[in-house]
Structure formats: structure tokens, C-alpha cells
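Trainee: only geometry, no sequence info:
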Ligand SMILES: NC(=O)c1ccc[n+]([C@@H]2O[C@H](COP(=O)([O-])OP(=O)(O)OC[C@H]3O[C@@H](n4cnc5c(N)ncnc54)[C@H](OP(=O)(O)O)[C@@H]3O)[C@@H](O)[C@H]2O)c1
């Protein structure tokens, strides 16, 4: 599959590297591929199969788009990518709407009556947005076996066909089908995004980011 990962941070790098390892054709979207951070340039040096393009070029290339841009800049990045280039594509939204402008802990820039994923869906009605993977640290997204036993990843969005595409990719990452929990339509993004303040507190209390939800019934 041709995959465009938008975002050059640890999440974008981790997802791009894994997708390329799995044999997918991967590009990473960034604002200006001629002006890369030293850290991201090093990543590209060590991952020759992954190329950097601007947001528009990346989305034009990808059949599947993964949004791993900071929440505060997601809509800006997607505008740069271009609605016409995004049209009809499946977009996995991994971003969290964290607002660090007032210091730590961050607040949510959107919550309760909407969510970042809903804002994306509203701004780009022809994109099939699926929220997933935002509830865990990057390394765990692509290697659930880093934690023992069963633990869960959530998906939600309006398109059943898009969910099938995302479920298949998650299984390639190592997620058991029974541990992929479909929470319903795009409005379920509110819950998984509002989990972030709790995730941050658990991280602080436990002293590790390598943690996840295990649902016990
Ligand atoms: N860190 C984790 O483990 C984790 C876990 C779950 C979810 N998330 C979420 O995943 C997303 C990515 O996190 P991250 O830590 O990897 O990266 P990040 O630092 O949050 O975001 C990096 C990306 O944001 C882009 N960006 C910054 N300012 C911009 C602007 N004004 N316009 C357009 N794009 C702009 C950067 O573009 P350039 O490439 O051009 O610099 C870069 O690609 C975030 O939404 C985060 O909340 C993170």
C-alpha cells in the first residue's frame, strides 16, 4: 500500500519506519523537505526506503494517510496538504489536541462537544477519518508485544470500509483482532481524546510511558 505519514516527530518516524519494514511504500509529509531538523535528517539517512515530501506531495502519493502532526497544527497541515488531494482517502488520526500554551499539564483545545478528529471530518467531509492509536506511546503502537498479555487499541469513525483498512494495518502492526475495539462513529473520538489527561497522570504516577488500557469484563 502507498502510505503518507504526516509528521516528522517520534510518532511519524515510528509509524513510517514500521510501515516501510512491512513492505509498504512510505513517504513522510513535512512543511519543507529542504529544511529538515538534524534529528529527522538522521532518521531519513537510516531509513532509505522512506522519503520526505511536503504535505501536499505526501498526500498526493498516499492511498492511506496517517496524521501524526501536533494537534495544534493538524488542520493547518491538512490545509497545506489540500482537500482535493485528501478526497476519498482513509485518514488515520493519531493526533491529540493538547494545548501546551499555558504550561503543564496541557489542556485540550477541543473537548466535550467536539474533538480534533471531528474537526478534521468537518473541514474535510470527503476524507474518511478513523481515530486510532492516540491512546498510547509511539513504540507500543507498532509493537503491542512490548506489554505482556492482552491490551486494547481503539478505532472509531464513520466509514465501515475505512475501518476494515485500518483494522488490517493494525493487525500487521501485531494487534490481535480481538484487541481492536470499535467504539463507533467519529463522535467517539471525544472519549479517546479526553482520556489523554488521565493518560498523562498515569504516566506521571507510574514513571513510564509504556502503559495501556486492558479491559476486564
Ligand atoms: N509522542 C507520542 O508517543 C504520542 C502518542 C500518541 C499520540 N501522539 C500525538 O501524535 C502527534 C505527533 O506527536 P509527535 O510528538 O510525534 O510530534 P509533534 O512534535 O507533536 O508534531 C510534529 C509535527 O508537527 C508539525 N508542525 C509543527 N508546527 C506546524 C505548523 N505550524 N504547521 C504545520 N505543521 C506543523 C511538524 O512539521 P515539520 O515536520 O514541518 O516540522 C511536525 O511534522 C501529536 O498530535 C501527539 O499528540 C503522540
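Mentor: Arrived safely, thanks for sending. Just so it is clear, the model here is predicted, and its values are computed rather than measured.

Trainee: and the helices in this protein?
Mentor: Per DSSP state H, the chain carries helices over the ranges 10-21, 38-46, 55-61, 74-81, 83-86, 116-123, 138-141, 160-173, 189-194, 196-206.

Trainee: ok, which of those helices comes nearest residue 93?
Mentor: helix 116-123 (4.6 Å; C-beta to C-beta). All C-beta atoms are positioned from the backbone trio N, CA, C, and that covers glycine.

Trainee: could you give the number of residues near the residue nearest to residue 114 when sequence neighbours are not counted?
Mentor: Among residues not flanking residue 114 along the chain, residue 190 sits closest, at 7.2 Å (C-beta to C-beta, 6 or more residues apart in numbering). Neighbours of residue 190 under the rule other C-beta atoms under 10 Å: 21.

Trainee: would JSON lines of the helices of the chain with mean pLDDT be doable?
Mentor: Compiled in JSON lines, the helices of the chain are given as follows (pLDDT from 0 to 100):
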{"stretch": "helix 10-21", "mean pLDDT": "98"}
{"stretch": "helix 38-46", "mean pLDDT": "98"}
{"stretch": "helix 55-61", "mean pLDDT": "98"}
{"stretch": "helix 74-81", "mean pLDDT": "98"}
{"stretch": "helix 83-86", "mean pLDDT": "98"}
{"stretch": "helix 116-123", "mean pLDDT": "98"}
{"stretch": "helix 138-141", "mean pLDDT": "98"}
{"stretch": "helix 160-173", "mean pLDDT": "98"}
{"stretch": "helix 189-194", "mean pLDDT": "98"}
{"stretch": "helix 196-206", "mean pLDDT": "98"}
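
Trainee: give me every residue that touches the residue nearest to residue 114.
Mentor: 111, 112, 113, 114, 115, 118 (C-beta atoms under 8 Å, 6 or more residues apart in numbering).

Trainee: tally of neighbours for the nearest residue to residue 43 once chain neighbours are set aside?
Mentor: Residue nearest to residue 43 in three dimensions, not counting chain neighbours: residue 13, with 5.1 Å by C-beta to C-beta, 6+ apart. Counted with other C-beta under 10 Å, residues neighbouring residue 13 total 22.

Trainee: quick one on the thing from earlier: output the helices of the chain as a markdown table; include the columns distance to residue 106.
Mentor: Output for those, formatted as a markdown table (distance: least, C-beta to C-beta, whole Å):
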| stretch | distance to residue 106 |
| --- | --- |
| helix 10-21 | 16 |
| helix 38-46 | 22 |
| helix 55-61 | 24 |
| helix 74-81 | 15 |
| helix 83-86 | 27 |
| helix 116-123 | 13 |
| helix 138-141 | 17 |
| helix 160-173 | 26 |
| helix 189-194 | 12 |
| helix 196-206 | 8 |
